[in-house]
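**Q** pasting the sequence and the predicted coordinates here, then a few questions.
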Amino acid sequence: MGPERKEELAEQGVRSVQDFLDVDPSEMATQTSMSEEQLRGWKITAHPKSENPTTDTDGVGPVTERRLEEIGVSTLADLAQVNPNTADDQSYLSRERLGALRGKAERELDIEPYFSAN
């Protein structure tokens with residue numbers, strides 16, 4: 001996040017990481033020039049647990065962890081942002097299973113579920 005974005009957030013009262021974690025990306029997107037998806041991605045990576053391994057997610061054991069790593073997903077932040085519709089062809093995980101795991105990672109990171117098909 002560049003200085004212009006930080007300044008724009010500061011104008012909205014966001015002056016610390018904790019302030020940012022408390023922000024609703026969809027609401028903040030209406031008050032700034034930043035998109036909801038952009039704000040959501042930053043919020044995920046700013047979370048203290050974002051770099052935790054996927055095995056911190058209920059239902060991810062060694063086999064699932066290996067399959068996730070094969071598609072480039074190794075942290076909770078990665079899992080919370082994975083697109084279940086594109087990963088299906090690259091892994092042995094179904095879209096439904098990957099979507100469920102993504103939802104669990106989002107909850108672990110205190111992020112409202114959001115999925116854009118774009």
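**A** That came in fine, so what should we check first? Residues are numbered from 1 along each chain as shown.
**Q** tell me which residues in the longest helix along the chain are buried?
**A** Secondary structure of the chain read by DSSP state H shows that its longest helix is helix 95-108. Residues of helix 95-108 classed as buried under the neighbour-count rule (16 or more other C-beta atoms under 10 Å) are 97, 98, 99, 101, 102, 103, 104, 105, 106, 108. (C-beta placed from N, C-alpha, C; glycine too.)
**Q** make TSV out of the residues you listed and add pLDDT and distance to residue 28.
**A** As requested, these are arranged in TSV below (pLDDT from 0 to 100; distance: C-beta to C-beta, whole Å):
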residue	pLDDT	distance to residue 28
97	88	31
98	88	28
99	88	25
101	91	27
102	91	22
103	90	22
104	91	24
105	91	21
106	88	17
108	88	22
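**Q** out of these, who's nearest residue 29?
**A** residue 106 (17.4 Å; C-beta to C-beta).
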